[in-house]
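Asker: Dropping the sequence and predicted coords here.
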Protein chains: 2
Amino acid sequence: MLSTPSVGVLGGGQLGRMMMEAANRLNIQLNVLDAPNSPAKQISAHDGHANGSFTDPPSMRRLAETCDILTTEIEHVDTYALEEVCSKVKVEPTWRTIRTIQDKFNQKEHLSKFDIPMADYRELSNNTAEELAAIGEELGFPMMLKSKTQAYDGRGNYSVKTKADIPAALKALENRPLYAEKWANFTMEVAVIVVKTKDGVLSYPTVETVQEDSICKLVYAPARNISDEINQQAQALARKTVAAFDGLGVFGVEMFLLPDNSLLLCELACRIHNSGHYTIEACSISQFEAHLRAILDLPIPAQSLEIREPAIMLNILGGATPEAHLQVAERALSIPNASVHLYGKGAGRPGRKMGHVTVTARTMEEAERTIAPLLEFVGGANPESNILYTQTLPRLNVRPTVGVIMGSDSDLKTLIPGLRLLRDYFGINPEVEITSAHRTPEYMATYSSTAASRGIKVIIAAAGGAAHLPGMAAAYTALPVIGVPVKGSALDGVDSLYSIVQMPRGVPVATVGINNSINAALLAARILGAFDAGVQAKVEAYAKTAKEENLDLKGVKMKELGWDAYHQQM
Amino acid sequence: MLSTPSVGVLGGGQLGRMMMEAANRLNIQLNVLDAPNSPAKQISAHDGHANGSFTDPPSMRRLAETCDILTTEIEHVDTYALEEVCSKVKVEPTWRTIRTIQDKFNQKEHLSKFDIPMADYRELSNNTAEELAAIGEELGFPMMLKSKTQAYDGRGNYSVKTKADIPAALKALENRPLYAEKWANFTMEVAVIVVKTKDGVLSYPTVETVQEDSICKLVYAPARNISDEINQQAQALARKTVAAFDGLGVFGVEMFLLPDNSLLLCELACRIHNSGHYTIEACSISQFEAHLRAILDLPIPAQSLEIREPAIMLNILGGATPEAHLQVAERALSIPNASVHLYGKGAGRPGRKMGHVTVTARTMEEAERTIAPLLEFVGGANPESNILYTQTLPRLNVRPTVGVIMGSDSDLKTLIPGLRLLRDYFGINPEVEITSAHRTPEYMATYSSTAASRGIKVIIAAAGGAAHLPGMAAAYTALPVIGVPVKGSALDGVDSLYSIVQMPRGVPVATVGINNSINAALLAARILGAFDAGVQAKVEAYAKTAKEENLDLKGVKMKELGWDAYHQQM
């Protein structure tokens, strides 16, 4: 850092602009090649920028002379010019990587050598209807017809639903080099931002992307309703994919999650990526700063790539009027915990990325609730902006924080008061399952040992008699386990109580009174409430209501009626 | 926003630069008056800026002509020039407010009309030693001698410890208008960023500032070890102080917290403030964006001013060499969850504010642990940088998260194994107290009802016999309470167990086995660990060790020795 080299950037759009924000904070000079007053140049007043196109070799050569290291915010650059200058200036990632990735067919051909799972695909050699029909027979319908090059934000893709679509598809993509891809019947599109450094390959968490007409619309970070295992698998696949290429910097990797929970690579970009905008607010180091740190060999603490708080990113697209996107931005200013980014692109055009909004919150559920009015605004309620987004809103999907297990359904009636209290009073929908320490020991072990990674914070376990379930669950998890002793047919529940409370040193169970599922539920709420002010306020309100009931209702009534009459009416 | 007016800013230092960052994101044009290439101008390429000094009336008039609204990043501006232009352009805050606040004596005179608690003070009329000695008799020693005007970052203040310091003090501040202030024997310096909008006065949470030679060095957000009550009182005092002035925008309010928990106003600034830099990472709307939103009458959701995660901000000051500050910045790049800000000021000068670092974490304790190596770096371990900060480091002040209470010291021996496990294995130093439900019912009630606001997340309560303490503590708090039944002289501890576990519906106690303080400690760790990955990893490691001990040590040994020999050596 003491002798930071100056960095040349091919392209000064919104990605370059956000990289400039990061560079400004670290006092790193970025020399941008793009049109005068492009978004990135607007926020950098030094005189080292170059005017011209990032696809124009002479301009590229001119930029190369002003800097020690060259990078890019876009893959559609002239890689032959890069190849030419790379003896004089470091280019990151390498021209070879950019050349391979900018042709999506070559990208797939390259990755197929590295054992990366991908949807099946076929090259078109003469772009005729007969050829595509034959491929359709092989891959099945629907299938995707794609341009090998110059494809982004949906341009260059055509979904061929049936054989009848073939002429229109070929017409839409005429004069382009094409390939066809088998349709991936995914349950979710996920993405991972990968950072390739001199020392290794790091990754941000797995996020969920919602695309509309192949344009990224929404990003949920982290992805909702996926297990930690899938999160880890997606990150591992993304890192493996990026490791197949040379050079340093940030890569955006898009994948499909299939119904059987396996993953397919969709495609990758050798640059900072729309699916990583959430990192500005949600992580300590944004993807833009990570890119600069990676190419300049500055340290990147892995912890700084973790998500500090769940986030939802919404792209602000140009609408029917040149100012439609400003209405969305203006509405976003009233949304709590929303950060608004406008890219300085002037007048909007339909579908153009003009800015974005990121909402963070303590929980994904809260983030979803917070951004809902903005999604509604862009989704249709407002007649002037409904041109932006037409699809139905993604459903509000809440990850449970309390797991409730019972050894047998005969314990359910004991648990019911507690379950209802959690759901109806606290608004906490627990995950409820039957698993027995004795009858399903393996499932009990799996359930307990994966609970933390599913987002569970506390487990309630009910059991009677020998009552091993709470203690065995505690043996398989590091989470707090609350035990509810259930009164059986003999010994008045003392057998269950002793079995649950008298655990050996090392494996605690938080035991409540016999049959007292209300207290188990309240204890779970107190545990969540210690870290969630909203829940704690409800615990306090519950106690207050109980107090008032005792003092004002029952107490006053007994005074009015006298103890004898009160007893008679009980 | 659709027709955002352009904003003129007096001053383009680091405060203006960070305001520019916020303005860039919202595509608001800021026209800055300052020297060419000043920090704020570096990150804004438009041609609306003005060159000149923010104290020079002709330059100020020139800037006023380029914009619809004028604001300032510094209070030392020419308020007569502002008064003159305010008929043509909106000035926020008003010239009258700036004029009153830029003279600290007038500031106090003004605030004394609004019932704001302040340290006693006296004006000097002829700056003689006799006059100051007489004031010293009245106010007592030590006292502060202060310049009324042009005082910032410690310049203009002199602490007069005894009468003997008087000549040196008057010499240091000669030719300045002076006043003396009674010494505030504070326990903590706190600050609050206030936002005055058209509709009312909002505030960010109360932070703790650590000053050194009157220069802000560290900010802890939120302030450590203060109750929510004091947090609210400090915010209320700050809002009341700001409400005494005209105009819109952000104000920085500094206060003293006294040993009796009362608050005194120290001083306020009518601008964005060093104590609010933490808001960039820790809040959804930074103080810089809040200032712009306030003066442009854009919405500010109150929730966006809350702290998302605890944060610590460290100023990076210039050191003995022009590049000493860069060494601090470079070291900070390796600190996890640290955001580094450099202000583009070029070569450093001793004591000059060159940048800052903000570390965020899930808990303040984690933030303190994370930033500790950087504090050590600037504090002296490194011979090249110890010139930056010479004072001893603020003690690592970890707020306890576990409260342990016992009815009598006879219960301590039972608790010892658990206490040692928490301290020595988990690194969690609990707050340990004796309080009895029967002998000290009021203190028990106070202790329990204030625990959450002290930062406690879980309480462990041990009791024997009638064993009311855990249940009574639970009745006074919304936190989870873990009960340890202590075996007494009769009934083998079953009396204690029943008293603790069989709580009525509505008030749960998490009961562990009789005398099992180890399990109480582990349960507390599991509860903390559900929300703190570091603690959860230790819970897992503890279980792994126990497993290995059982399998590898004891199991293998019994196989080797045979059960009979094993028994003999036990």
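Answerer: That came in fine, so what should we check first?
Asker: State the phi and psi torsions of A:Asp34.
Answerer: Dihedral pair for A:Asp34: phi -170, psi -170, per degrees, to the nearest 10.
Asker: Do you know the pLDDT at the closest residue to it other than its chain neighbours?
Answerer: Leaving aside its sequence neighbours, A:Asp34 sits nearest to A:Gly12 (CB to CB, 6 or more residues apart in numbering or on different chains; 3.5 Å). Every residue, glycine included, has its C-beta placed from N, CA and C. The per-residue pLDDT reported for A:Gly12 equals 97.
Asker: same question, A:Arg362
Answerer: pLDDT, A:Arg362: 89.
Asker: Would you confirm that it contacts A:Asp532?
Answerer: Yes. The criterion here is CB atoms under 8 Å, and A:Arg362 meets it with A:Asp532 at 6.6 Å.
Asker: if we can go back for a sec, spit out the contact partners of the residue nearest to A:Asp34.
Answerer: A:Met20, A:Val32, A:Leu33, A:Asp34, A:Ala35, A:Ser38, A:Pro39, A:Ala40, A:Lys41, A:His49, A:Glu73 (CB atoms under 8 Å, 6 or more residues apart in numbering or on different chains).
Asker: Show me which of those residues are buried.
Answerer: Buried members of the contacts of A:Gly12, counted by 16 or more other CB atoms under 10 Å in any protein chain shown: A:Met20, A:Val32, A:Leu33, A:Asp34, A:Ser38, A:Pro39, A:Ala40, A:Lys41, A:His49, A:Glu73.
Asker: Tally up the residues packed near A:Asp260, please.
Answerer: Other residues near A:Asp260 come to 6 when the count uses other CB atoms under 10 Å in any protein chain shown.
Asker: ugh, wrong one, A:Asp495
Answerer: 17.
Asker: So it: helix, strand or coil?
Answerer: helix (DSSP: H, G, I helix; E, B strand; the rest coil).
Asker: Chain B versus that one, what's the distance?
Answerer: 14 Å (CB to the nearest CB, to the nearest Å).
Asker: Strands of the stretch 251-400 of chain A, residue ranges please.
Answerer: Under the criterion DSSP state E, counting those that start in this stretch, strands of the stretch 251-400 of chain A are mapped to A:263-269, A:311-317, A:338-342, A:353-360.
Asker: Repeat that for the stretch 451-570 of chain A.
Answerer: A:458-464, A:481-486, A:510-511.
Asker: Likewise for the stretch 51-200 of chain A?
Answerer: A:69-72, A:90-91, A:121-123, A:143-147, A:157-160, A:178-182, A:188-196.
Asker: Pull the distance from the second one to the chain's centre.
Answerer: It refers to strand A:90-91. 32 Å (CA atoms, centre = their mean, to the nearest Å).
Asker: count of residues packed around the nearest residue to A:Ala184 once chain neighbours are set aside?
Answerer: Distance criterion CB to CB, 6+ apart; nearest residue to A:Ala184, sequence neighbours excluded, is A:Phe256 at 4.4 Å. Applying other CB under 10 Å, we find 19 residues neighbouring A:Phe256.
Asker: For A:Phe256, name its beta-bridge partners.
Answerer: The residues listed as beta-bridge partners of A:Phe256 by DSSP bridges are A:Glu189, A:Leu264.
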